[in-house]
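Q: predicted coordinates and the sequence they were generated for:
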Amino acid sequence: MLALRLQGCGPDQGPSDGRADVVLSYLLQRVLSLLFVLLLATVGIFAMMHSVPGGPFAFSQGDLTKVAMHNIMAKYGLTEPVWRQYLNWIWQLMHGYLGIPFEEPTMTVNHLIATAWPITLIIGGLTIAVSYSLGLLLGVVAAIRHNTWVDSLITAVVSTAGIALPNYVIGFLLIEVFAVKLGWLPVGGWGSPADVVLPVIAFSLYPLALMERYTRASTLEVTYADYVRMGRARGLSGRRILFNYVLRTSLIPLITIMGPNIPNILTGSIFIEATFGLPGLGSYFTNASLHRDYPLIMALVLIVAALWGACYIISDLAYAIVDPRVRLEGLSR
Amino acid sequence: MSEEHPEVVRPTGRNGLPDMSRRNFLAAGGLGAAGLLLGGRAGSLFESHLRDVAKARVASASKVLGLAPAQMQFYSTYNNSVGQTYKALDFYETVYSRAPNADLFNIGLVRLNNNFKLVPGAAQSWSQTSPTTWEFKIRPGIMWSDGNELTAKDFVETFRYSADPKHAWDFSWYWSGIIKNYTEAVAGKAPLSSLGVGVGKDKYTFVVTTEAPIAYMPNAMLYSYPLSAAGLAKYGNGLYNIDPATCITCGPYTLRTFDPTAHVVLQPNRKYTAPFKPYIQYPIAKIYSGTYQVPLFETGEVDTVQSAPPNTQDGSLYKSDLETVKTMPKINKLPVYMNPQDFRIYYVAFKTKKKPFTDPRVRQAFAHAVNRQALISSLLAPVAVPAYGYLAPGYPFAVSKPLEKYTNYDTRLAQKLLADAGYPGGKNFPTTTLSYPAAEVLSSTLTGSVVQALVATWNAVLFNGNPTILLQELDNTTFYSKMEAHPTQLDMAFCTYGMDYFDASNMLSVYKSGGRHDWDNAQYDNLLAQGAAQSNPAKRQEIYTEAQTLLTKDAPGVFLWHGLYAFLYWPFVQGPALAKNDLGYDGVEWPGYISDMPEQLWIGSNYRSYPRAGAGGLI
Amino acid sequence: MTTVQVQLEPAKRASTSFWHAAWYRYRRNRLSVVAGAVALVILVVAVVAPWVAPYREATIDLTHVLARPTWHHWLGTDEIGRDTLTRLIWGDQTSMSVAIGAPLVGALIGLPLGILGGWFGGALDWVVLRLIELFTMVPTILAALLFITVFGVSVWKLALFIGITLWVGFARLARAQYLALRDRDFVQAARAGGVPTWRIILVHILPNAAGPVIVYFVQQIPYTIFTAAGFSFLGLGIQDPTPDWGKMINDAETYLATDPLLVFVPVVAIALACLSFSFVGDGLRDALDPTSK
């Protein structure tokens, strides 16, 4: 388990415990507990997906006779009892094989993910880079100009464009203007570098707005903290206070809130993909469940688990690096 | 362009696949495209073909600019992979999930022309040699690309493969009850060798034995795309055709690229020997996991866009899209082509085994309480026509006028019928839910609008404005598994059906006892059996008229409208395939590539005057 | 570096004067006051929707579809001839019920769990963390399919369901805040002074932790509106003909090029709601932070 402990309170005390064995034992515990949770989750999710009405072929294959349906179910091993199907899945998993997606039975799940995810990762990675840096910048500006027209303008524009407009409407407008009217960029599809521009813009607006909002809030939170005041009293320059004290500390709530958005972004959005015709992974997160594609559902659970596990661990480590008051403690309590 | 319309160069183009809904097995493979051309000496053959065309068809039209050069004879179509998956390139591998441009690989026994008349395909002729036996004479000299000749054995092996329980073919219901022992073989209760398919007196004679007399067998054989017997023997299944290195084709094309999330590209088969010669050299199916096809058309990424009626979930052009097109200066002058494709019916099915829908008067009341014309003109026009009966006008043996008296908009009659059934003014009528399937994400939400209007009308006309009929949208899988459960779990379901083959026996079989819906009527079943066996068209018409009257009058469902599909083509897409047919419909008709359309569609040399993105690196 | 006076400050906050001071600080922020008024109007309209809507909610008119604004229909009509203003007003009720209900549910579940984990640490914290991880892994759509199968759909059930998916965020946030605050000087001082634990958790720490929580809560409002709209796309959302702002955008998106007003109206409504709640949130954050100017 993670223990975060506060060490004194002075900003001058950096992350003290960088000892490798502490970090290692911390990592080991986290990974073990994650595996434990994952085991629980897969059992639960396996049971859930078999209790939802409608089988994987109820829709996509038209009106099937009972016998034909039975043949198809047998072909994919779905006529066995659910517990055995689960064990089969675990067995395959231990061999690194995730099964055949009903959606694309000429591929394996492994292959499907290897094909689709890189696209999502490129779009998502760029989105994170663009939205987090720009959002951070705007948030700090808004906080520095707290309660002035600059602050209100940033809030109004960012909230409206990023939060109140759904990204498929933004996507539609971007396509109309930049692809159709101006002809600068492709309408959609995947292949050339230009294909990433519009999806990244459309996808960035919401995280950008969130980042701006939280940066502003947590920067304000810290601006008036005692040790910052002390710094001021000691006569430190405004810029030095901003970067050394305020920003560092205000990153903590940002890590808590914006960290979990990273897995969300890296798993893509069905709306962005549908709007721009991207063959990414995001739509499968929706469609696998809608189409009862059992092997794919389970594989996506694994991806989510891995991403979130990494995200939680990294954000814990990030606390220790960023926050002058926190250090990692490897003890399991 | 056809001689009858010499005045303009009409845009042509078969739209690659009108990918209809998954409910329609045509969907994936589609309607596509065309087969093609090119024979062994591709270049020269193509050129002589061009000359023929110039002389025979186009010479008279002075505005025709000629054909585009071979490298520009590619034809890009839009295909949507949202809610759709493309698994294979052969009909007998998978029907619902075959990729765009499937059906161009091989040559089926028969094909249709754009008036839906059967024309020879791989079979030169066919005949019914006994009430339960049909013989198809295969054209000698059609060669597979692996050097073997196409013979009856290929068809026999293909049909056996389709019935193999281990293959679990998704379309096996199609031949069940028709080909002898098919049902048993699919159930694993009869060996594949006992199937009613075989080789006749010579290797070119394919013999089919049926369970009962079947008059429409040649029509049903529209779907007889063979796999290669040698390929099946060597690879064990039909998936050898999704790899350019192993693909075996007897059609005008061979596989260039199969990437089911991006594109499927075909190229000329240099070893092609059959006489059907398409113009298009490279059918390119561009696959997008998205639905905005109009901008792709407007910027020249694809050569055509198509529309479909609602609920087909393919990102088509609806009324609203056609209105949108009118605001786009680059494309608003293009003619809009329209045809019914698969003669789709949209209807609301009742659970007739549950009160209050056990009473036909209640069902009739609902049928009379819909103003179809108003619904269509406000929401659907021009891509729909009102349905007073089950079969669409123009579909074989369809009657319409005589059925109107059972379904016309008559609020008084509707209220009276409901009162007679014991619910005067809708009083005591139980609250009932009408369920409908959700569209794929970002597809049209039109279905929702239509059913809201429908339910509002019923509540107003039949129930004094009390919200007695409620709405429930369900995700597709849940909707279809509940609707198709026996007994059905939906009291009222908004659904749709499109034909599989061009004969009344197909569409009408949906209401057979034990079929899709819970309505059972021995007289109706009997009429369908008589119709299937009857080969005299006049007598068949009588039988099917009676069946339709019975169906409409007893109203197990409220038939609402028949869908039309709208198409836009850039003007460089040309050919007689786009001209009006005998029913007055134009644009590429169903069944697309399974017709003679490939020989009637080409890219004109005027492509230079229009935005055309080019084939990129695809060819 | 902290003085005795600073340590004792939280004790003062517990008194009513803290709330007086907060209210005073809130009132000084003119933007927050205006935003508060707008938010109040939105909420009041949601409550009185049945009495202020000009037409009945389900009235359709196929002879006046997609009409431009007129005296009869101030904001025009939709694709089946329903009055857009009426839909907007009724949609306010639906959207606000879900948009405020769901984060409330999320906060009610998530905050206590996060606070307990963060404050007590140890086994309790371990369990909370594992619960968070477990819930993160469950695919939302799958859970929604199951939930709807078992319970059906209604506005309140949707709010409940989305709320359940939101608790994780609240729990993480509260946990992080309490972890960060529990060893601060003023807390140590209160402990040393014999203040009961529940009082420290609720009275001493909560106001300090409230800022990020309020901002987070406010951000969940638009998120929830669009999550509900997303569910509508999949047939898992609020059932027609009940209007809802997000769904109004979904439905109107088809007509964006020809009748942009249909999209414009709900977008403006959502933007107004988001902005007003955002500014109220900012104001509250400042007001509750006694150290801000």
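A: Arrived safely, thanks for sending.
Q: got the residues of the stretch 151-300 of chain A near chain C?
A: The stretch 151-300 of chain A comes close to chain C at residues A:152, A:155-156, A:159-160, A:163-166, A:168-169, A:172, A:176, A:210, A:213-214, A:216-218, A:220-221, A:224-227, A:230, A:252-253, A:256-257, A:260, A:271, A:285-286, A:288-290, A:297, A:300, as judged by Cβ under 8 Å from any Cβ of the partner chain. All C-beta atoms are positioned from the backbone trio N, CA, C, and that covers glycine.
Q: buried ones among the residues you listed?
A: Buried members of those, scored by 16 or more other Cβ atoms under 10 Å in any protein chain shown, are A:152, A:155-156, A:159-160, A:163-166, A:168-169, A:172, A:176, A:210, A:213-214, A:216-218, A:220-221, A:225-227, A:230, A:252-253, A:256-257, A:260, A:271, A:285-286, A:288-290, A:297, A:300.
Q: so which of those sit within helices?
A: A:152, A:155-156, A:168-169, A:172, A:210, A:213-214, A:216-218, A:220-221, A:226-227, A:230, A:252-253, A:256-257, A:271, A:285-286, A:288-290, A:297, A:300 (DSSP state H).
Q: just to revisit the earlier point, what subset of the residues of the stretch 151-300 of chain A next to chain C is also close to chain B?
A: Filtering these for proximity to chain B by Cβ under 8 Å from any Cβ leaves A:168, A:172, A:176, A:271, A:286, A:290.
Q: need the contact list for the nearest residue to the last one once chain neighbours are set aside.
A: Leaving out its chain neighbours, the residue that sits closest to residue A:290 by Cβ to Cβ, 6 or more residues apart in numbering or on different chains is residue B:475, at 5.4 Å. Neighbour list for residue B:475: A:290, B:437, B:438, C:145, C:234, C:235, C:236 [criterion: Cβ atoms under 8 Å, 6 or more residues apart in numbering or on different chains].
Q: torsion angles phi and psi at residue B:475?
A: Backbone torsions for residue B:475, taken as degrees, to the nearest 10, come to phi -60, psi 150.
Q: report pLDDT for it.
A: If you check residue B:475, the pLDDT there is 83.
Q: got it, and residue B:392?
A: As predicted, residue B:392 sits at a pLDDT of 93.
Q: how would you label it: helix, strand or coil?
A: Going by DSSP: H, G, I helix; E, B strand; the rest coil, the secondary structure assigned to residue B:392 is coil.
Q: that one touches residue B:346, doesn't it?
A: No. If you go by Cβ atoms under 8 Å, residue B:392 and residue B:346 don't touch, sitting 10.4 Å apart.
Q: anything in contact with each of the two?
A: What both residue B:392 and residue B:346 touch, as defined by Cβ under 8 Å, 6+ apart, is the set residue B:562.
Q: and the longest helix for chain A?
A: Counting residues, the longest helix found in chain A (DSSP H) is helix A:109-144.
Q: that helix and chain C, are they touching?
A: No. Helix A:109-144 is not in contact with chain C by Cβ under 8 Å from any Cβ; minimum separation 9.6 Å.
Q: and that helix, average pLDDT?
A: Here the average pLDDT along helix A:109-144 is 90.
Q: do stretch B:97-115 as well
A: 87.
Q: list the buried ones in that stretch?
A: Buried residues in stretch B:97-115 (16+ other Cβ under 10 Å): B:97-114.
Q: does chain A have contacts with it?
A: Yes. Using Cβ under 8 Å from any Cβ, we find that stretch B:97-115 touches chain A at residue B:97.
Q: and for stretch B:217-227?
A: No. Stretch B:217-227 does not reach chain A (Cβ under 8 Å from any Cβ); its nearest approach is 13.6 Å.
Q: okay, how far is it across that stretch, tip to tip?
A: End-to-end distance for stretch B:217-227, by Cα to Cα, to the nearest Å: 20 Å.
Q: give me the most central residue, the chain.
A: In the absence of a named chain, this looks at chain A. residue A:263 (1.7 Å; Cα atoms, centre = their mean).
Q: should've been chain C
A: residue C:221 (3.7 Å).
Q: element containing the residue lying closest to residue C:138 once chain neighbours are set aside, please.
A: Leaving aside its chain neighbours, residue C:138 sits nearest to residue A:45 (6.2 Å; criterion: Cβ to Cβ, 6+ apart). Using DSSP states H and E, residue A:45 falls within helix A:20-51.
Q: who's in contact with residue C:173?
A: A:253, A:256, A:257, C:110, C:114, C:212, C:213, C:216.
Q: list the buried residues of the helix or strand in which it is found.
A: Element membership for residue C:173, per DSSP H and E: helix C:155-181. Across helix C:155-181, burial judged by 16+ other Cβ under 10 Å covers C:155, C:158-181.
Q: near chain A at all, the very next helix or strand once past that helix?
A: Following helix C:155-181 in sequence order, the next helix or strand is helix C:185-192 (DSSP H and E). Yes. With Cβ under 8 Å from any Cβ as the measure, helix C:185-192 is seen reaching chain A through residue C:185.
Q: which helices and strands sit right next to helix C:185-192?
A: In terms of contacts (3 or more Cβ pairs under 8 Å, 6 or more residues apart in numbering or on different chains; DSSP states H and E), helix C:185-192 is packed against helix C:4-13.
Q: just checking the distance from the helix or strand following the helix it packs on to the centre of its chain.
A: The C-terminal neighbour of helix C:4-13 among helices and strands, as given by DSSP H and E, is helix C:16-28. Taking the mean of its C-alpha atoms, helix C:16-28 sits 23 Å from the chain's own mean (Cα atoms, centre = their mean, to the nearest Å).
Q: in the strand or helix carrying residue C:148, which residues are buried?
A: Using DSSP H and E, residue C:148 maps to helix C:140-151. Of the residues in helix C:140-151, C:140, C:141, C:142, C:143, C:144, C:145, C:146, C:147, C:148 count as buried by neighbour count, 16+ other Cβ under 10 Å.
Q: quick one: average pLDDT of that helix?
A: Averaging pLDDT residue by residue across helix C:140-151 gives 85.
Q: so where's the stretch 201-333 of chain A uncertain?
A: Counting by pLDDT under 70, the stretch 201-333 of chain A shows low-confidence ranges at A:224-238, A:242-246, A:249, A:253, A:320, A:322-333.
Q: residue in it nearest to chain B?
A: residue A:277 (3.3 Å; Cβ to the nearest Cβ).
Q: how many other residues sit next to that residue?
A: Residue A:277: 31 surrounding residues under other Cβ atoms under 10 Å in any protein chain shown.
Q: that one and residue B:264, how far apart?
A: The spacing between residue A:277 and residue B:264, counted by Cβ to Cβ, to the nearest Å, is 15 Å.
Q: quick check: nearest residue in space to residue B:372, chain neighbours excluded?
A: residue B:386 (3.8 Å).
Q: that neighbour and chain C, how far apart?
A: 14 Å (Cβ to the nearest Cβ, to the nearest Å).
Q: show the pLDDT at that residue.
A: 93.
Q: contact partners for it?
A: By Cβ under 8 Å, 6+ apart, the residues touching residue B:386 are B:372, B:373, B:376, B:560, B:561, B:562.
Q: ok, which pair from the ones next to chain B among the residues of the stretch 151-300 of chain A next to chain C is furthest apart?
A: The span of these, defined through Cβ to Cβ, is set by A:176 and A:290 at 28.7 Å.
Q: quick one: the strands in chain C?
A: Counting by DSSP state E, chain C has no strands to list.
Q: same thing with the stretch 501-619 of chain B?
A: Taking DSSP state E, counting those that start in this stretch to define them, one finds strands in the stretch 501-619 of chain B at B:557-563, B:565-569, B:573-574, B:602-603.
Q: again, but for the stretch 251-400 of chain B
A: For the stretch 251-400 of chain B, the strands defined by DSSP E, counting those that start in this stretch cover B:253-259, B:263-268, B:282-288, B:304-306, B:337-339, B:345-350, B:384-386.
Q: what's the fourth one packed up against?
A: In terms of contacts (3+ Cβ pairs under 8 Å, 6+ apart), strand B:304-306 is packed against strand B:74-80, helix B:293-298, strand B:565-569.
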